[in-house]
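Visitor: Sequence first, then the predicted structure, then my questions.
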Amino acid sequence: MADKTRQTGDLVSDNNIFVDIVNDRVGVGTTVPTSQLTVAGDINLTSGIVTATSGIVTYYGDGQYLQNINSGGLTYFTESQSTYDSSVSSIFDASGTDTNINAVLSPKGTGAIIGQEPDGTTAGGNARAAYAVDLQFSRADATQVASGYASALIGGTNNKLTSSRSAVLAGVGNINTSFNSVILGGQSNTISNSQSISGGYQNTLSGYNNFAFGYQNTTSNQFSIALGRESTSDADYSMALGVKANTHGIKGLHAIAPFGTNSSTYKNPQFYKVILTAVTPDDDGDSGRRYLTTDGGSVTDSNRTDSRYNSIYIGRYDGTNSRQMYVEGIVKASEVGGGSSHSNYGIWEISGYLRGPTGSPMQYTNVTQITNPGNYSAPVIDDNYGSSGSGTSTEYWWRLKVNGDNSDSLLWTAYLTCYVTDET
């Protein structure tokens, strides 16, 4: 055997066991132990347990033969890495004996599911809200995160979500600040009121329960819809469809512009579809007269409630919003509570031309009785315009007037189509 000293020792041949007394180390299969026990070679433990009460146990290799290591490790996932088309992926696959296994990523308490650690900078963004999901990985400033309670920002870049239970699914530069609302995708869309949906480019929704898709459409007030290009639906229950369709604040109006260019040369042609209604009392005098409006009618005396917002708005005296239109449709009167088979009704076909806010009342008028077993008075379509304001700012709208009957309370309904061009 080789020489032995108090500092080092080969206890058996071929350097199987080596003791470094100076450094209090033991080597198995090596004469250069680097720790208190260094083993160069295989360890075959046929029974028993390897226990580490403190310190670190380091394993080298791919760990494919390690079993029953639970502390700090993954038992029901298999870790791997793959490369395809120069793209490297680190993978966690659910593992187990069952054929189908769910993979669950579950935060603790009110925690969020996020793709990047918040750090208050553009890299990680500000803190996410309780129960939020934020998988957006690129932003221009730290506020472009899912900061609304239970909100979901699924992807895209530079999107911002600040209100509760809302979502931005994809796109760039979208801003959703209203609760229970969704931007599906696109660029620079903005929702600022609740329970609305949008997608496309630069749509702006500021009303309650709004819906806008396409290019630079605008909605406001309640239950309004805009689809197409540069269309505006800005009144309750209104809808604007097509190219530069515009409801001009008229409640319940549908503006439809099935046109192939947005050039102003063609004066933005569009159709209006609208229903006007009123109920007259059983009175054929002045107190029984009504103007039909989109929201249930108006008396004709000094307490009248018709306006540019519930009638056929024509424009302003100075030419702002000025339009010309041909109006046609059906007006029906029927006894209130008369039932489905009663004979107390009247039907008229009407038409006429509105030349603009500074012209005469409706021109080239036609009122043709279709049937009138109730013997009711025909509607009046050439009454003076309604107006509000003063001077060059005076606003004008067309009035459809009806007269009551001394025997019956009547429900009046006008189903109208208007053929409109802008004349500003």
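Guide: Everything's here; your move.
Visitor: Return the residues in contact with Ser181.
Guide: 163, 166-167, 191, 193-197, 205 (CB atoms under 8 Å, 6 or more residues apart in numbering). For every residue, glycine as well, the C-beta is placed using N, CA and C.
Visitor: go again using 6 Å as the cut-off
Guide: 166, 191, 196 (CB atoms under 6 Å, 6 or more residues apart in numbering).
Visitor: can you count the residues close to the nearest residue to the last one once chain neighbours are set aside?
Guide: To tie it back to what came earlier, the one meant is Ser196. Counting by CB to CB, 6 or more residues apart in numbering, Ser196 lies nearest to Asn210, which is 4.2 Å off, once chain neighbours are set aside. Neighbourhood size, Asn210 [other CB atoms under 10 Å]: 30.
Visitor: So for Ile69, what's the pLDDT?
Guide: We note a pLDDT of 57 for Ile69 in this prediction.
Visitor: Make residue 1 into 27 and carry on from there
Guide: Got it, the first residue is 27 from now on, which makes the last one we talked about Ile95.
Visitor: just to revisit the earlier point, name all residues that make contact with the residue nearest to Ser222.
Guide: By CB under 6 Å, 6+ apart, the contact set of Asn236 is 222, 245, 250.
Visitor: Likewise for Asp408?
Guide: Shown in contact with Asp408 (CB under 6 Å, 6+ apart): 387-388, 391.
Visitor: Out of the contacts of Asn236, give me the one that has the most neighbours.
Guide: Result: Thr245 is most packed of those (other CB under 10 Å), 32 neighbours.
Visitor: Thr147 versus that one, what's the distance?
Guide: 35 Å (CB to CB, to the nearest Å).
Visitor: ditto for Thr394
Guide: Using CB to CB, Thr394 is found at 73 Å from Thr147.
Visitor: Please apply the same query to Ser386.
Guide: Where Thr147 is concerned, Ser386 sits at a distance of 67 Å (CB to CB).
Visitor: can you check Leu179 too?
Guide: Counting by CB to CB, the gap from Leu179 to Thr147 is 17 Å.
Visitor: quick one, which of these two is more surrounded?
Guide: Neighbours were tallied for Leu179 and for Thr147 using other CB under 10 Å; the higher tally belongs to Leu179 (31 against 11).
Visitor: quick one: contacts for that one?
Guide: Contacts for Leu179 were tallied using CB under 6 Å, 6+ apart; they are 160, 162, 172, 185, 187, 194.
Visitor: what's near enough to touch the first one?
Guide: For Asp160, the residues meeting the contact criterion (CB under 6 Å, 6+ apart) are 140, 154, 171-172, 179.
Visitor: thinking again about what came up before, could you redo the contacts of Ser207 as a markdown table and give each row pLDDT, distance to His274 and secondary structure?
Guide: Below are the contacts of Ser207 laid out as a markdown table (pLDDT from 0 to 100; distance: CB to CB, whole Å; DSSP: H, G, I helix; E, B strand; the rest coil):
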| residue | pLDDT | distance to His274 | secondary structure |
| --- | --- | --- | --- |
| Ser192 | 98 | 30 | coil |
| Ile217 | 98 | 23 | strand |
| Ser222 | 98 | 21 | coil |
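Visitor: would you turn the residues you listed into a markdown table with distance to Pro295?
Guide: Compiled in a markdown table, the contacts of Ser207 are given as follows (distance: CB to CB, whole Å):
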| residue | distance to Pro295 |
| --- | --- |
| Ser192 | 37 |
| Ile217 | 30 |
| Ser222 | 29 |
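Visitor: Closest one to Met265 out of those residues, please.
Guide: Ser222 (14.3 Å; CB to CB).
Visitor: wait, doesn't that closest one sit right on Gly233?
Guide: No: the criterion here is CB atoms under 6 Å, and Ser222 misses it with Gly233 at 7.3 Å.
Visitor: just the strands in the stretch 277-426 of the chain please.
Guide: Shown for the stretch 277-426 of the chain, the strands assigned by DSSP state E, counting those that start in this stretch span residues 280-283, 296-306, 316-317, 324-325, 338-342, 349-361, 371-380, 389-397, 412-414, 421-424.
Visitor: List just the one of those that sits closest to Leu100.
Guide: strand 280-283 (58.4 Å).
Visitor: Cross-reference the contacts of Leu179 with the helices and report the matches.
Guide: Using DSSP state H, no member of those sits in helices.
Visitor: pLDDT score for Gly385?
Guide: On the pLDDT scale, Gly385 is placed at 70.
Visitor: Distance-wise, check it relative to Phe237.
Guide: Distance, Gly385 to Phe237, by CB to CB: 36 Å.
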